[in-house]
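*Asks:* 3D model of this:
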Amino acid sequence: MVPASIETIFANQPEVVTGSAFFPFGRARRCEGGHRVTGRWQFASGCQHCSWYFVLCQEYDGDTPLFHDHGAPRTRACFVPISSYSIEETWDVSGLAGSGSHDVILDDVFVPEDMSWPFGRHMRPDARHFSGPLYRYPSYATGVMRSGLHRRGIAQGAIDRAVEIAQTKTGVATTTTLRDRPTFHIGLAEAVALVRGSRAWLKDALREFGAFIAREEDVSFEARANMLLAATKAVHNCARATDIMFTLSGANANFEAQSLQRLLREPPRRDPAFRGRHQPGRIRRAHDAGPRAARAAGDPELSAPRLIWIQRAGAASSAGSCFSSHAISASSCRRFHA
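*Replies:* Model (predicted):
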């Protein structure tokens, strides 16, 4: 994007709300002066509150997908105003009910050339607004880290709530409070260790990233892997900590009036943001050999461009769309507060 386009979005309303959907589910067909964009983006958190929305598309020339010389699909990022897209309210879920992560739909919308840019590794927006160190972080890093931090906050909330309950809760056949039971202290200690360990590793990984950024160097493969592992482990460890505190709090934790049952469901039990990381070999083999190998690997519905995206960006990129916004949509308020 050029400076004039950035100022179009932010200059007159510096607190403008924007959102994003990071998977390239759309198609951007070249045309005179820009691109015609069509697609549907799921998990579009906060879309009902945004003035502008950021979507990723694969570039097409007519009906032909475009690729880089190294084989990856050409991906384009587009900014569109709220007047350009429609919203289908599909977000009827048990966890994260307040994020309003409905579907955003664009149907042959014209996006001017200066409101889009090639998206990928080593991209450097041509604008003075993006010269600071914050914008030199790898694009996936903030989404991955945010997922770990989000889960850590949920786990800490579960610990705090369980400790409150333990002050007065007694069993059916005893007058001993939960806080005086050794089993509660053992479980509490394990949960606290899981959460604090996750926080320490995430901070260490972020500090390592910051050192590369401060030296104006590309973040090393090892540092990227460390961040990915730290965030993934934080998600799993903090989910375990939340489970422990919910179980220790007894049957009362199941009541809708208790926040613990909601914390257990947010995010959902199987984090979609980290689901794709457990079978990297299968995805990589399909990418190396092309569409025929993709079908042989059991993914006939996936094209080579999609497989390349999964291998390069990983399911981690979806974290940005799943957890980037927690604004409460009007249609979700009741369920969120329940």
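*Asks:* what ranges do the helices span in this protein?
*Replies:* 3-10, 139-166, 182-214, 221-248, 259-265, 280-289, 291-296, 304-313, 318-323, 333-337 (DSSP state H).
*Asks:* low-confidence regions, the protein specifically.
*Replies:* Residue ranges of the chain with pLDDT under 70: 1-3, 121-129, 139, 267-338.
*Asks:* sorry, back to before: which of the helices of the chain sits most buried?
*Replies:* Sort those by mean neighbour count, taking mean count of other C-beta atoms under 10 Å, and helix 318-323 sits at the top with a mean of 26. Any C-beta I mention is one placed from the backbone N, CA and C, and that applies to glycine too.
*Asks:* Ala253 reaches Phe246, doesn't it?
*Replies:* Yes: with contact defined as C-beta atoms under 8 Å, Ala253 reaches Phe246; the gap is 5.2 Å.
*Asks:* overlap in contacts, the two.
*Replies:* Common neighbours of Ala253 and Phe246 (criterion: C-beta atoms under 8 Å, 6 or more residues apart in numbering): Ala162, Leu260, Gln261.
*Asks:* the first one: what's its closest spatial neighbour, skipping adjacent residues?
*Replies:* Put plainly, it is Ala162. Spatial nearest neighbour of Ala162, excluding adjacent residues (C-beta to C-beta, 6 or more residues apart in numbering): Met245 at 3.9 Å.
*Asks:* so who does that neighbour touch?
*Replies:* With C-beta under 8 Å, 6+ apart, Met245 has these contacts: Ala155, Ala158, Ile159, Arg161, Ala162, Gly187, Leu188, Ala191, Leu260.
*Asks:* and with 6 Å instead?
*Replies:* Ala158, Ile159, Ala162, Ala191 (C-beta atoms under 6 Å, 6 or more residues apart in numbering).
*Asks:* isn't the first one right up against Arg240?
*Replies:* No: when contacts are counted by C-beta atoms under 6 Å, Ala158 is not listed as touching Arg240 (10.8 Å).
*Asks:* can you tell me the closest non-neighbouring residue to Glu208?
*Replies:* Leaving aside its sequence neighbours, Glu208 sits nearest to Ala223 (C-beta to C-beta, 6+ apart; 5.0 Å).
*Asks:* so that neighbour touches Arg207, yeah?
*Replies:* No: using C-beta under 6 Å, Ala223 is not in contact with Arg207, being 10.2 Å away.
*Asks:* run a quick neighbour tally on the nearest residue to Cys31 once chain neighbours are set aside.
*Replies:* Leaving aside its chain neighbours, Cys31 sits nearest to Phe110 (7.3 Å; criterion: C-beta to C-beta, 6+ apart). Using other C-beta atoms under 10 Å, Phe110 has 14 other residues around it.
*Asks:* do Tyr137 as well
*Replies:* 17.
*Asks:* kindly report the same for Gly132.
*Replies:* 9.
*Asks:* cool, and the one 3 residues further on?
*Replies:* Neighbour count for Tyr135, taken as other C-beta under 10 Å: 13.
*Asks:* so how far is Tyr53 from it?
*Replies:* Going from Tyr135 to Tyr53 by C-beta to C-beta, to the nearest Å gives 20 Å.
*Asks:* report the angle between the axes of the longest strand along the chain and helix 139-166?
*Replies:* In the chain, with assignment by DSSP state E, the single longest strand is strand 18-31. On the basis of axes from the mean of the first three to the mean of the last three C-alpha atoms, to 10 degrees, strand 18-31 is oriented at 150 degrees to helix 139-166.
*Asks:* now strand 18-31: buried residues?
*Replies:* Thr18, Gly19, Ser20, Ala21, Phe22, Phe23, Pro24, Phe25, Gly26, Arg27, Ala28, Arg29 (16 or more other C-beta atoms under 10 Å).
*Asks:* return the alpha-carbon coordinates of that strand using PDB.
*Replies:* C-alpha atoms of strand 18-31 as PDB (Å, rounded to 0.1, in the frame of the first residue of the first chain):
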ATOM      1  CA  THR A  18     -10.100  -3.000  11.200                       C
ATOM      2  CA  GLY A  19     -10.200  -6.800  11.100                       C
ATOM      3  CA  SER A  20      -8.500  -9.600   9.100                       C
ATOM      4  CA  ALA A  21      -9.000 -13.100   7.800                       C
ATOM      5  CA  PHE A  22      -5.600 -14.600   7.000                       C
ATOM      6  CA  PHE A  23      -6.300 -17.700   4.900                       C
ATOM      7  CA  PRO A  24      -6.300 -17.000   1.200                       C
ATOM      8  CA  PHE A  25      -9.800 -18.200   0.500                       C
ATOM      9  CA  GLY A  26     -10.500 -15.600  -2.100                       C
ATOM     10  CA  ARG A  27      -9.600 -15.000  -5.800                       C
ATOM     11  CA  ALA A  28      -8.100 -11.700  -7.000                       C
ATOM     12  CA  ARG A  29      -8.400 -11.500 -10.800                       C
ATOM     13  CA  ARG A  30      -6.300  -8.900 -12.500                       C
ATOM     14  CA  CYS A  31      -8.200  -6.100 -14.200                       C
END
